[in-house]
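Chemist: sequence and computational prediction follow.
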Amino acid sequence: MIWSWERTVEAIPLLLEGFRITLLATVIGTVIAALLGLVIAVLKRVLPTPLRLAVHWTTEFIRMTPLVVQLLFVYYLLTDVTALVIGITVIGVHYSTYMAESYRAGIDSVPKGQWEAAQALSLPASRTWQAVVLPQALRATIPSLGNYAVAMFKDTPFLFAISVVELVTSAQQFGARNFAYTEAFTLAGLIFLLASYPTSILIRRLEKRLAHY
């Protein structure tokens, strides 16, 4: 194999466009996952037992089925919705079930005495959550949410299953057209590395900083 710098340079614009789609899916998917995950975690604490069990088993089903299967199912079910919208939504919902567990752990880490103190002060349940529980739970949860965001970023290649042209699909298409798979996939791997590694370092530093509070 002879490395072609000409093909490498030629691939960069196409791969950067694919990276833009990957980044868009990751950012919006993370927002969906973080918000929905928080809702799920709170519902598991406040709903009556039958509804709580329904939420629990729904999230378990989503967590235990492959992301690709979920993507394909929704893609063929909602034929009038664009593939990118489906991909972002499905990957966001999928990861919300994992983030919900992180939120649950954060909520459980709030000392029982603080719950009791809020009740003794006759604080409404909504105020207890807003002023006492969630600020502490979110601070404890931020590092793990960041890790899930990085994992989501690395799972975006699964969107190829529903024809979303993200980074890896862009590399595959360029390689097929120009017989330059090595150059294309090497560049794609480097882009993933350059994007995810610094983010992982920042998350670890944030985790250490939060540990001091």
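Modeler: Received the coordinates, thanks.

Chemist: so residue 164 sits against residue 87, correct?
Modeler: Yes. In this structure, residue 164 is within contact of residue 87 by Cβ atoms under 8 Å, at 4.8 Å. Every C-beta, even on glycine, is put in place using the N, C-alpha and C of the backbone.

Chemist: tell me, what's touching these two both at once?
Modeler: When contacts are counted by Cβ atoms under 8 Å, 6 or more residues apart in numbering, residue 164 and residue 87 have residue 25 as shared neighbours.

Chemist: so what's residue 165 scoring on pLDDT?
Modeler: Residue 165 is assigned a predicted lDDT (pLDDT) of 95.

Chemist: that one in helix, strand or coil?
Modeler: coil (DSSP: H, G, I helix; E, B strand; the rest coil).

Chemist: report the contact partners of it.
Modeler: By Cβ under 8 Å, 6+ apart, the contact set of residue 165 is 18, 21, 173.

Chemist: for residue 196, see how far away the residue nearest to residue 143 when sequence neighbours are not counted is.
Modeler: For residue 143, ignoring the flanking residues on the chain, the nearest one in space by Cβ to Cβ, 6 or more residues apart in numbering is residue 207 at 3.7 Å. Between residue 207 and residue 196 the distance is 16 Å, computed by Cβ to Cβ, to the nearest Å.

Chemist: could you do residue 122 as well?
Modeler: Counting by Cβ to Cβ, the gap from residue 122 to residue 196 is 47 Å.

Chemist: so which of the two has more stuff around it?
Modeler: Using other Cβ atoms under 10 Å as the criterion, residue 122 and residue 196 rank with residue 196 on top: 16 against 7.

Chemist: next, the buried residues of the helix or strand in which the more buried one is found.
Modeler: Here residue 196 sits within helix 181-211, counting by DSSP states H and E. Residues of helix 181-211 classed as buried by neighbour count (16 or more other Cβ atoms under 10 Å): 183, 184, 185, 187, 188, 191, 192, 195, 196, 203.

Chemist: avg pLDDT for that helix?
Modeler: The average of the pLDDT scores along helix 181-211 is 88.

Chemist: packing partners for it?
Modeler: Applying 3 or more Cβ pairs under 8 Å, 6 or more residues apart in numbering; DSSP states H and E, we find helix 181-211 packed against helix 5-46, helix 134-155, helix 167-178.

Chemist: would you list those in JSON lines and tack on mean neighbour count and distance to residue 100?
Modeler: Listed next are the helices and strands packed on helix 181-211 as JSON lines, based on neighbours: other Cβ atoms under 10 Å; distance: least, Cβ to Cβ, whole Å:
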{"stretch": "helix 5-46", "mean neighbour count": "18", "distance to residue 100": "4"}
{"stretch": "helix 134-155", "mean neighbour count": "18", "distance to residue 100": "10"}
{"stretch": "helix 167-178", "mean neighbour count": "19", "distance to residue 100": "28"}
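
Chemist: can I get those in TSV with distance to residue 110?
Modeler: Putting the helices and strands packed on helix 181-211 into TSV (distance: least, Cβ to Cβ, whole Å) gives the following:
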stretch	distance to residue 110
helix 5-46	11
helix 134-155	5
helix 167-178	39
